[in-house]
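Asks: this is a predicted model, with the sequence first.
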Amino acid sequence: MKTVLYRASSRGHAYHGWLDTYHTFSFANYYNPERINFGALRVVNDDIVEAGEGFGTHPHDNMEIVSIPLYGDLEHKDSMGHTEVIKAGEIQVMSAGSGITHSEYNSSSENPVNLFQIWVFPNKRNVVPRYDQRAFDFIHNKNKLVQIVGPKDDKENTGLWLHQDVWFNIGTFDKGSEIDYKVKESGNGVFAMVIDGEFTVGGQKLHHRDAVGVSEINDLKITADTENARILLIDVPMIF
């Protein structure tokens, strides 16, 4: 088993007044040559956007993007004609493919929005851009992982899909709950990030917003150490 620890306190940080953002991997003005990616996982940004503010229209290409609002409302507009508001409990995926422009704004005039924006390298280049969004019932699925994203050809996938052999799961657990997570595909690694509370993952104690990347495994033991502890797992190819 090979592990890489990403303490929350060691993340890159930038404060722009309207945006308070933390970067697990190198992004924008934060560069750490030892933190470029974890396999096909390229970006994990933890953003707090103030009321009425946001990211103006900007381009992307050949990247798979997942947005996960943790609280607040995020408004999305893109060059494909979509205008949507994404709320906590909903997940957005976007395949930039051959090229897309989009903007993301806090649709509230009073309250901030906190979101994870996650980028994954695709397994196909220059695909037709696409967008999808879906709500998930996390409240009634406590003490289990809820798969929110999978590969396009995963027949068991009931969530959203990306152009990559990657699986995203989120779960909320009672203290003492244990899961034995089975890696979906041989050679994949697992990136585990604590959203709320505390967990022990592969023997490593993790606190709020800490993360660990674990590879060269077939399964991974995860234990919730606090009540209502919430975790994000990304099962991702290490070679792509």
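Replies: Sure thing, it's come through.

Asks: burial count for the residue nearest to I118 when sequence neighbours are not counted?
Replies: Once flanking residues are discounted, I118 sits nearest to V66: 4.5 Å by C-beta to C-beta, 6 or more residues apart in numbering. For glycine as for every other residue, the C-beta is placed from the backbone atoms N, C-alpha and C. Counted by other C-beta atoms under 10 Å, the residues lying close to V66 total 22.

Asks: same question for N111.
Replies: N111, neighbours per other C-beta under 10 Å, totals 13.

Asks: which SS state does it fall under?
Replies: coil (DSSP: H, G, I helix; E, B strand; the rest coil).

Asks: I'd say it and E53 touch.
Replies: No - assessed by C-beta atoms under 8 Å, N111 is found out of contact with E53, at 11.6 Å.

Asks: do you know how far the residue lying closest to E198 once chain neighbours are set aside is from L162?
Replies: With sequence-adjacent residues excluded and distances taken as C-beta to C-beta, 6+ apart, E198 is closest to D225, at 4.2 Å. According to C-beta to C-beta, to the nearest Å, D225 and L162 sit 31 Å apart.

Asks: helix or strand right after the strand or helix carrying I48?
Replies: Element membership for I48, per DSSP states H and E: strand 41-49. Using DSSP H and E, the helix or strand that follows strand 41-49 towards the C-terminus is strand 54-60.

Asks: what's that following strand packed up against?
Replies: strand 73-78, strand 100-106 (3 or more C-beta pairs under 8 Å, 6 or more residues apart in numbering; DSSP states H and E).

Asks: ok, now with 6 Å
Replies: strand 100-106 (3 or more C-beta pairs under 6 Å, 6 or more residues apart in numbering; DSSP states H and E).

Asks: in the sheet, who's paired with the residue nearest the centre of the chain?
Replies: Nearest residue to the geometric centre of the chain (C-alpha atoms, centre = their mean): I118, 4.5 Å. When assigned by DSSP bridges, I118 has beta-bridge partners V44, V66.

Asks: that one contacts D46, correct?
Replies: No - contact criterion C-beta atoms under 6 Å: I118 and D46 do not qualify, at 10.0 Å.

Asks: returning to what we had before: so what's the residue count around the residue nearest to E198?
Replies: As a measure of burial, D225 has 17 neighbours, counting by other C-beta under 10 Å.

Asks: for the one 5 residues further on, same thing?
Replies: R230 has 20 neighbours, counted by other C-beta under 10 Å.

Asks: on that earlier part again, list the helices and strands the strand holding I48 packs on?
Replies: Against strand 41-49 (3+ C-beta pairs under 6 Å, 6+ apart) you get strand 19-23, strand 113-120.

Asks: next one: it to chain centre, how far?
Replies: Chain-centre distance of strand 41-49: 8 Å, with C-alpha atoms, centre = their mean, to the nearest Å.

Asks: next, the angle strand 54-60 makes with it.
Replies: Relative orientation of strand 41-49 versus strand 54-60 (axes from the mean of the first three to the mean of the last three C-alpha atoms, to 10 degrees): 160 degrees.

Asks: give me the contacts around strand 41-49.
Replies: Residues outside strand 41-49 that contact it (C-beta atoms under 6 Å, 6 or more residues apart in numbering): 19-25, 27, 106, 112-121, 191, 234, 236.

Asks: tell me the mean pLDDT over it?
Replies: Strand 41-49 shows a mean pLDDT of 98.

Asks: and the angle for it with strand 100-106?
Replies: Going by the same axes, to 10 degrees, strand 41-49 makes 40 degrees with strand 100-106.

Asks: for strand 41-49, output the C-alpha coordinates as PDB.
Replies: The C-alpha trace of strand 41-49 is given here as PDB (Å, rounded to 0.1, in the frame of the first residue of the first chain):
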ATOM      1  CA  LEU A  41      -7.300  13.400 -10.500                       C
ATOM      2  CA  ARG A  42      -5.900  16.900 -11.400                       C
ATOM      3  CA  VAL A  43      -7.700  19.500  -9.300                       C
ATOM      4  CA  VAL A  44      -9.600  19.500  -6.000                       C
ATOM      5  CA  ASN A  45     -10.600  23.100  -5.100                       C
ATOM      6  CA  ASP A  46     -12.600  24.000  -2.000                       C
ATOM      7  CA  ASP A  47     -14.200  27.400  -2.800                       C
ATOM      8  CA  ILE A  48     -16.300  29.800  -0.800                       C
ATOM      9  CA  VAL A  49     -17.900  32.400  -3.000                       C
END
